[in-house]
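>>> Just need the structure, nothing else, for what follows:
(chains A, B and C)
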Amino acid sequence: MAFNRVKQWTTFARVWYLFDAKWQDPIISGRVLSKYLLGKNKPIYSVGSDCGDYVVVINSKEIALKDDLWRTYNYFHHTGYAKGATYTPAWEYHENDPTRIIKNCTKNALPPKIYRNSLLSRLLVFPDDKVPKDVIKNITDQIQPSMTPPKRLTEFSEDEIQNFPRLFEWPKEFIIDDLKGENNQTVKII
Amino acid sequence: MLKIAKNSLKLSANSCLNPIRQISLSSALNLKRIEKTEDKTTNTITIEGKYIDPKETFGTGVLDLTGQCYQDTDEAVRPCAFCELEKRDIKVQYTDVLVLRQFLTENGQILPRKVSGLCKKQQKKLIVLTKQAKHAGLILNLQPTLLDGTKPSADHSKRFKYLKWNTYFDDYETMKRNKKFL
Amino acid sequence: MVHLTNTLNRFGYIHGPHRIYKRMQVFRFTWHYYGRHRRCYKLAVQRLHKAWLHATRNRKMKGLLYKEIWQTRIDAACKEHGIKYFEFTESLTRQNIHLNHAVLNDLAIYEPRTFKSLCNVAKQHIVNTGLYNLTLEEPEGVFNRSMFTDELKQ
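Prediction:
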C-alpha cells in the first residue's frame, strides 16, 4: 500500500464551502456553520483532531431576522467605567458592519474553548457577492440553505401575475366605487 | 319615537355626504364603475355607470374549487377559497404574494367579505398575512397615495430604520399555536 | 511465632520504614501536578484523593462520551447518503440488523462502501414500509423482506 500516505493527505485536507446568506436567519445558520468549522460533517471527527473546514459566506447584508427583532434585540457593551453601558439595536449594529451579526452568532454556537478564535479565522464573511479571486478559486462545495427566500411582488413579470389563476369570482351585483377610502378620490382594482 | 327620529336623521346626514348612493337610475344587476366627465365649454357634468366585463379586466382563469362552475350556481353557495385549499393541504402563507394581491386593492386595502367570499375565520387570517407581508416589504407597490398625489417608492432599502432590512415570520398555524402575533 | 523485630524495637533501634517511602508512593502519582501540589505531601495527598474520586465517577461517563462521538460520526456519514441518524438506526433495528454503535462507527470511517450499502438497505425499508414521510430516491439492487410481506401474510 504505497498510497496510504496520499490517502491521509486527502482525508485531512481542508475543503472550502460556500454559503449564501440571502434571507437566512443568522442564529440558525450560525449553528450550521459551526458544525462545518469544527469538522462535525466528517465521519473522522474527534475532539482533539483539527479537521475543520473553511466557510465563505456571501450576501451577509441580506440576512433576515424573525418577527420584530431588528427593533427589539439589543447588543450590550460596557466600557468598564461607571455609566458606561451602551445598548445598540440590531438594525444599527447591522448598518455599521453588515458582516458582524453572522460572525457573532457563529461565535456563540461554538464551544467556549481557547481554539475558538482559530476556528473563526477560517470563517470569511462578505457583505456582497464580490469575493476576491484568491478565495473563490479554492471553493469546491456548497452548504445548502435551510430557508427558501421569498419573492417580492415587484420581481414578478406582468405575464406571471396575469397568468396566475384567480381564486374567486366577482359578485354579479356590486359597484366598485363603494370601496372608496376617506382620503382617496379614486380607487383602482388590480 | 325620538330615538327613531334621531337615528333616521343620522342616517340621512350620512347618506347626504355620499351623493352617488342617492341616485340609482340604472339597474344594479351588473358589475360597474361610475365615471364622472366634465365639459367646460357647455358647463355640464355627466355621471354614468359603465358596465365592466369581469373576464376582460380580471382575467379568465378562475379555479374551479368545487368542481362546478360558479356561474351556474347561486351566490349563496359560493365557497370560501382558503377553506377549499386547506382541504387539499395547501395553506396560504404571507410569502404567497400572487394570491394575496387578488384580495387587495391597489392601495393595499383588503376587499370586504362580500366581494371575496371568504368566511370569518379566513378573513381574520388574511388580515394577519397582509400585515406580515407589508412588514416584510413584499408588497411595497400596493400602498396608499400620499396627500401630494404621489405614491411612496417601492424600493425596500429606502424604508424607515429597522424596516429596511429583511424579516421573516413563522407559519400562521405555528404562530397561532404559540399565540404570537405582530 | 518469633518476633525478633519487636524485641529490637523495644530498645529503640528500629522505628519501622522511613516515612520517605510512604511519601514516594504519593509523589509517584502527583509528579505532573502544578506548584506545591506536586512537592508538599500534605497538599499532594488532598489533591490525589480528589483526583481518584473524579476518576471513579468519570469511568461511567467515559462510555457516554464515546457514544456522543460515535453518534456525531454516524450522523455525518448518514448525511452524505441523504438520511438522518435516527431514521437510519430505527430502520436497521426493525430489520433485525443488530449492529453496535462501535461497529457502525468503524464501518463509517474505514469501510465507507459497506456503510453506503447499509444506508441503501435502510432507505429501501423506509420506502417500502412508509416509516417516515420522506421523498427518497429508491436505491438499486436491494431486496428486503419488507418487499414480500404481503405475500408472506397470504
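>>> Touching, residue A:37 and residue A:106? I think so.
Yes: using C-beta atoms under 8 Å, residue A:37 makes contact with residue A:106 at a distance of 7.2 Å. C-beta coordinates here come from the backbone N, C-alpha and C atoms, glycine included.
>>> Name the residue in the two with the higher neighbour count.
Under the criterion of other C-beta atoms under 10 Å in any protein chain shown, the comparison of residue A:37 against residue A:106 puts residue A:106 first, with 26 against 23.
>>> and that one, what does it touch?
Shown in contact with residue A:106 (C-beta atoms under 8 Å, 6 or more residues apart in numbering or on different chains): A:30, A:33, A:34, A:37, A:120, A:123.
>>> change it to 10 Å
Residue A:106 sits next to A:26-27, A:29-34, A:36-37, A:55, A:57, A:116, A:119-120, A:123, A:125 when contact means C-beta atoms under 10 Å, 6 or more residues apart in numbering or on different chains.
>>> Same check on residue B:95?
A:148, A:149, A:150, A:151, B:129, B:132, B:133, B:136, B:138, B:168, B:169, B:171 are the contacts of residue B:95 under C-beta under 10 Å, 6+ apart.
>>> picking up where we left off before, just the buried ones among the contacts of residue A:106, please.
A:26-27, A:29-34, A:36-37, A:55, A:57, A:116, A:119, A:123, A:125 (16 or more other C-beta atoms under 10 Å in any protein chain shown).
>>> Residue B:36: which element?
Per DSSP states H and E: residue B:36 is located in strand B:32-39.
>>> What helices and strands are in contact with that strand?
Strand B:32-39 sits against strand B:44-51, with contacts defined as 3 or more C-beta pairs under 10 Å, 6 or more residues apart in numbering or on different chains; DSSP states H and E.
>>> List the buried residues of the strand it packs on.
The neighbour-count criterion (16+ other C-beta under 10 Å) identifies residue B:49 as the buried residues of strand B:44-51.
>>> List the strands paired with it, with their directions.
strand B:32-39 (antiparallel) (DSSP bridges).
>>> so which of the contacts of residue A:106 also contact chain C?
When C-beta under 10 Å from any C-beta of the partner chain is applied, no member of the contacts of residue A:106 is adjacent to chain C.
>>> one step back: overlap in contacts, residue A:37 and residue A:106.
In contact with both residue A:37 and residue A:106: A:55, A:116, A:119, A:120, A:123, using C-beta under 10 Å, 6+ apart.
>>> So of those residues, which two are at opposite extremes in space?
A:55 and A:116 (14.6 Å; C-beta to C-beta).
>>> sec struct for the residue lying closest to residue B:140 once chain neighbours are set aside, please.
Leaving out its chain neighbours, the residue that sits closest to residue B:140 by C-beta to C-beta, 6 or more residues apart in numbering or on different chains is residue B:154, at 4.3 Å. Classification of residue B:154 by DSSP: H, G, I helix; E, B strand; the rest coil places it in coil.
>>> ok, now which ones touch residue B:154?
A:152, A:153, A:154, B:137, B:139, B:140, B:141, B:142, B:143.
>>> now, which of these sits nearest residue C:113?
The closest of the contacts of residue B:154, once distances to residue C:113 are taken by C-beta to C-beta, is residue A:152, at 47.0 Å.
>>> what's the nearest residue to the closest one once chain neighbours are set aside in contact with, if anything?
Nearest residue to residue A:152, sequence neighbours excluded (C-beta to C-beta, 6+ apart): residue B:138, at 5.2 Å. By C-beta under 10 Å, 6+ apart, the contact set of residue B:138 is A:150-155, B:94-97, B:100-101, B:130, B:132, B:156.
>>> Sounds good, over and out.
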